[in-house]
Each structure stands twice: as structure tokens, then as C-alpha cells.
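J.: Could you look at this predicted model? Sequence included:
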Amino acid sequence: MPALVGSIALSLASAAHAQQPAPAAPAAPKPFAAGEPLSATNEAGVTQKTSSNVTVYGSFRFAESCTFDPARNLILAMNRGNAETVEKNDAYVSLINPNGTVHTSKWIGATRDGLTLNDPLGSAIANGVLYVGDIDTVRSFDLKTGMPKSAVAIPEANVLNGIAAAADGTVYASNTRDPQRIYKVTPDGKSSIFVNGAPLAQPNGVALDPAGNIVVINIGDNSVLTFDKSAKLIKTEHSNQSGNDGLVVLPDGTKYVTSVRFGSVSRIRPGKPAEIIASGIPSPASMCYDAKQNQLVIPMNNNNALAFIKLGRK
């Protein structure tokens, strides 16, 4: 009898096992989607844009750099979000109006579907593309949709910082820690070392001058270095203070440099010595130039804010 009971139990177990449904297939990944301008859904379930009598500031979490989109007349602010040690892939891009109010809190980064963005420092726009230095990778995004385009990992890079982009898609990016370098990334996604070591001294900000030369500033000193496209050093200027981070070069060749360590902005007009035009700014980082409003926009790192400097008449 026990043998019969055991046989019946085994048969029932086998039948139950056979009737179990197959494991569900993993859900298909959701497509990338950019965030929308500020809005809220009311009790009736209707989404309404923020009314014109409401002013909103903020939307930053460790904003390191910005760049200006003249087509939309918006500032793109890069945000780290949570640090890598707390949460990976948490960075995002805010869209900010020229008066500092918020247009879209999270544009790139509203969802993580199809997106990798960890710690964006430098940023630049060229020919309808947003380029970002993200730790060891140069990422690009479609400027209209925010859709990721490409990701070029750079061997040995560990803190890609300042970044400049030419109209043809060639990118120059600084690596601030050792190895202290400027990297070049060509439109076909190939990376190479453009400048290695001295006179780089913790290189940070990178920009192109009107002639297409590559201008670099250092945190380690106050040098403003101009290299031609062959990487030959053709000019050395100096800002008023060291500890430099942000760099803007205007069409007339005037350079603006932020000292993230000492809170100032230096102006270097062609052929003239540097002069401080602003001071007492907490941690002014990688600024951008708003050509329509003729102003400098300066992210202030862990102060989670932007500073604005009107430059007056052109």
C-alpha cells in the first residue's frame, strides 16, 4: 500500500509540473523618450502646461556645464544627478529659459529607457548635435529629439571634462586627471591623443576660436593655451587667477575664463591683458555663451544653480 500511495503522489506531482505555465518572456525594452515642458495632470486627467503667471527656478543637481541652443533659444544644463557611488546612470539634461526659469526639468533623462548618462561634465553643440563628455565616453544626442546617437569610449580616459565640437563633428575633450590629455574624436568615431602632458596642467575647459584653433585652460595654473589643428602650441595667454574651469571664445576672439577655485571670471580681449569682470561666484564651472541675449551662463556645481552675467551691447 505505501508503494501505491507513493506512486500516486509521484504521478500527481509530475502532472502538476507538466501543467505549470512556461516562464513569461521578458518585456520588450521601452523606446527612448525625452521629457516634456513643465506641466501637471488635473483631477479630470487632463495634462496642462504651467500657466504663464507661474515662475519656476531650479531643476539642477550638481550642474557642471551648459550649452546654448539658438534655434530654440534655450540653455541646456548638464546635471550629474546622484553620484556614481550612490546610483549609476542618473544624470540628466535640463532645458532652461534665457531668464533662468525652467522650461523642462528633465529633457534627456526623463526616463532611463534607451539612455546611458552617468556623469556629464563638458558639453557642446555643433550642427544639430549635442556632445557630452561622460567619464570615459563621448556621447552624442540629437539636438531636436534628445535621442542618443553615438557613444565613443576613449581608452585610459577617466574624467572627460571640457569639450569642444567643430561643425564637421570633430570633438576635442580634456581629461583632467592623469593621464592629462586632450583627446580628439573624429566623426567616424575614432579617438586619438591630441595633446599629452605639459603644458597641460589639469586641463579643463576647451573651446574653438574663430580660426578653428583649439583653446585649452588649466586648473593647475592660469595658462590659456591655443593649439592649431596639428596640435602645435601657437599662443599662450593668462587669465587673472588659476584654478580655471569654464571657457568661452566669442566670434571676435574675446575669451572669458572662470576660476572654479577662486570664484572669478576673467576677460581676455585680443592683444590685451586679462581683467576680472566678476567675482565672488561660488564654484563657477563650465559656462556657455547665450548669443541671443548676449550673456554668460555659469553653472555652479554643487550649489545647484546658474549664474548669469549680461555682457552689455555687442
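T.: Looks like it arrived, so ask away.
J.: how about the helices in this protein?
T.: 2-19 (DSSP state H).
J.: For it, give me the ranges with low pLDDT.
T.: Scanning the chain for pLDDT under 70 picks out the ranges 1-24, 313-314.
J.: what about stretch 170-183, start to end distance?
T.: 11 Å (C-alpha to C-alpha, to the nearest Å).
J.: and if you look at stretch 236-243?
T.: Using C-alpha to C-alpha, first and last residues of stretch 236-243 are 16 Å apart.
J.: Over to stretch 113-133?
T.: Between the start and the finish of stretch 113-133 there is a gap of 20 Å, counting by C-alpha to C-alpha.
J.: Give me the buried positions along it.
T.: Neighbour counts over stretch 113-133 (16 or more other C-beta atoms under 10 Å) mark 115, 117-126, 129-133 as buried. Every C-beta, even on glycine, is put in place using the N, C-alpha and C of the backbone.
J.: Identify the residues contacting G109.
T.: By C-beta atoms under 8 Å, 6 or more residues apart in numbering, the contact set of G109 is G35, N79, G81, D90, A91, Y92, V93, L115, L117.
J.: Distance check, A307 against F141.
T.: 25 Å (C-beta to C-beta, to the nearest Å).
J.: just the strands in the stretch 51-200 of the chain please.
T.: Secondary structure of the stretch 51-200 of the chain (DSSP state E, counting those that start in this stretch): strands located at 63-69, 74-79, 92-96, 102-108, 120-126, 129-134, 137-142, 148-153, 160-165, 171-175, 181-185, 191-196.
J.: ok, and which of those has the densest surroundings?
T.: Using mean count of other C-beta atoms under 10 Å, the stretch among the strands of the stretch 51-200 of the chain with the greatest mean number of neighbours is strand 171-175 (a mean of 28).
J.: what's that one packed up against?
T.: Other helices and strands packing on strand 171-175, by 3 or more C-beta pairs under 8 Å, 6 or more residues apart in numbering; DSSP states H and E, are strand 120-126, strand 129-134, strand 160-165, strand 181-185, strand 203-208.
J.: So for K272, which of these sits nearest?
T.: K272 lies closest to strand 203-208 among those, at 18.4 Å (C-beta to C-beta).
J.: And that closest one, what does it pack against?
T.: Here strand 203-208 touches strand 160-165, strand 171-175, strand 181-185, strand 214-218, strand 244-249, strand 255-259, going by 3+ C-beta pairs under 8 Å, 6+ apart.
J.: switch the cut-off to 10 Å
T.: The elements that strand 203-208 packs onto, with contact taken as 3 or more C-beta pairs under 10 Å, 6 or more residues apart in numbering; DSSP states H and E, are strand 120-126, strand 160-165, strand 171-175, strand 181-185, strand 214-218, strand 223-227, strand 244-249, strand 255-259.
J.: JSON lines for the ones you listed, including distance to R267?
T.: Converted to JSON lines, these look like this (distance: least, C-beta to C-beta, whole Å):
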{"stretch": "strand 120-126", "distance to R267": "21"}
{"stretch": "strand 160-165", "distance to R267": "18"}
{"stretch": "strand 171-175", "distance to R267": "21"}
{"stretch": "strand 181-185", "distance to R267": "24"}
{"stretch": "strand 214-218", "distance to R267": "13"}
{"stretch": "strand 223-227", "distance to R267": "11"}
{"stretch": "strand 244-249", "distance to R267": "10"}
{"stretch": "strand 255-259", "distance to R267": "6"}
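J.: now for those strands, which one comes closest to K292?
T.: strand 120-126 (13.7 Å).
J.: wait, what's in contact with the residue nearest to P203 when sequence neighbours are not counted?
T.: Nearest residue to P203 in three dimensions, chain neighbours excluded: S174, at 4.0 Å (C-beta to C-beta, 6 or more residues apart in numbering). Contacts for S174 (C-beta atoms under 10 Å, 6 or more residues apart in numbering) come out as 121-122, 133, 157, 159-164, 180-183, 194-195, 200, 202-206, 216-219.
J.: Likewise for P199?
T.: Contacts here follow C-beta under 10 Å, 6+ apart; on that basis P199 touches V216, N218, G220, D221, S223, L225, F227, L233, T236.
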